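K.L.:
What would the 3D arrangement of this be:
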Amino acid sequence: MAHELPILPYPYNSLEPHIDEQTMRLHHDKHHLAYVNGLNNAEAKLAEARLKGDYSLVKHWEREAAFHGAGHFLHCIFWENMSADGGLPSPELKKAIDSKFGSFDAFMAHFKAAGAAVEGSGWVLLVQNTMTKALEILTAEKHQDLSQWVVTPLLACDVWEHAYYLKYQNNRGAYIEAFTKVINWNDVSKRLRS
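P.N.:
Numbers count the residues shown, from 1 in each chain. Got it, this is the predicted structure:
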């Protein structure tokens, strides 16, 4: 299923004077669309590789999918995170912010400083750790690095040499084949969310 550019949830000029209409049009209609197109292309190339059984460019297309996918998904959140009226954090969010950062003002100071400190291009984010449920502020100078953070892993195979070198030495293929024999599919199935 091809990814699509989401419709902006408000008029392009509704965030003025803070964010101008022209910026919104270019950012949404051109920049975000490029991520959508890049992701669709990368996924099509990966599907073609699977069909042909030719994985010679899999590293390239996986990187392209991560880069464009992260750009697409983060922008989808970004558009929804803005509105003309702003509003206030819910009582639950306010409590979580106060608990983690000490106060809303301290959170805002931290968030702004972290965003200003990102080298080059990237993102600053308030996130909830899926393990601890605590709030955190993260920065990403390469948003594709965040692609792993926004998913719920179902199956993980460690392919760093420390996971197999003593038994399989440099034969990663044999290690992966051995791994497939010990997968706990009941656990993998439980991790799948409907």
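
K.L.:
pLDDT on the helix or strand where residue 73 lies, on average?
P.N.:
Secondary structure from DSSP states H and E places residue 73 in helix 58-80. The pLDDT scores in helix 58-80 average 92.

K.L.:
following that helix, which helix or strand comes up?
P.N.:
Later in the chain than helix 58-80, the nearest helix or strand by DSSP H and E is helix 91-101.

K.L.:
I'd like to know which elements that following helix is packed against.
P.N.:
Helix 91-101 is packed against helix 104-117, strand 135-140, with contacts defined by 3 or more Cβ pairs under 8 Å, 6 or more residues apart in numbering; DSSP states H and E. Yep, even glycine has a C-beta here, placed from its N, CA and C like the rest.

K.L.:
can we see that at 6 Å?
P.N.:
Packing contacts for helix 91-101, counted by 3 or more Cβ pairs under 6 Å, 6 or more residues apart in numbering; DSSP states H and E, involve helix 104-117.

K.L.:
Could you point out the helix or strand that follows the helix it packs on?
P.N.:
strand 123-128.

K.L.:
The helix holding residue 73: which residues count as buried?
P.N.:
Judged by neighbour count using 16 or more other Cβ atoms under 10 Å, the buried positions of helix 58-80 are 61-62, 64-76, 79.

K.L.:
Kindly export it (C-alpha atoms) in CSV.
P.N.:
This file holds the C-alpha atoms of helix 58-80, laid out as CSV (Å, rounded to 0.1, in the frame of the first residue of the first chain):
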residue,chain,number,x,y,z
VAL,A,58,19.3,-4.1,-0.2
LYS,A,59,21.6,-2.0,2.0
HIS,A,60,21.0,1.1,-0.1
TRP,A,61,17.2,0.7,-0.3
GLU,A,62,16.9,-0.1,3.4
ARG,A,63,18.7,3.2,4.1
GLU,A,64,16.5,5.0,1.7
ALA,A,65,13.4,3.5,3.4
ALA,A,66,14.7,4.5,6.8
PHE,A,67,15.5,8.0,5.8
HIS,A,68,12.4,8.8,3.9
GLY,A,69,10.2,6.8,6.2
ALA,A,70,11.4,8.7,9.2
GLY,A,71,11.0,12.0,7.4
HIS,A,72,7.4,11.1,6.4
PHE,A,73,6.3,9.7,9.8
LEU,A,74,7.9,12.6,11.8
HIS,A,75,6.3,15.2,9.6
CYS,A,76,2.9,13.5,10.0
ILE,A,77,3.2,14.0,13.8
PHE,A,78,4.6,17.5,13.3
TRP,A,79,1.6,18.8,11.4
GLU,A,80,-0.8,17.3,14.0
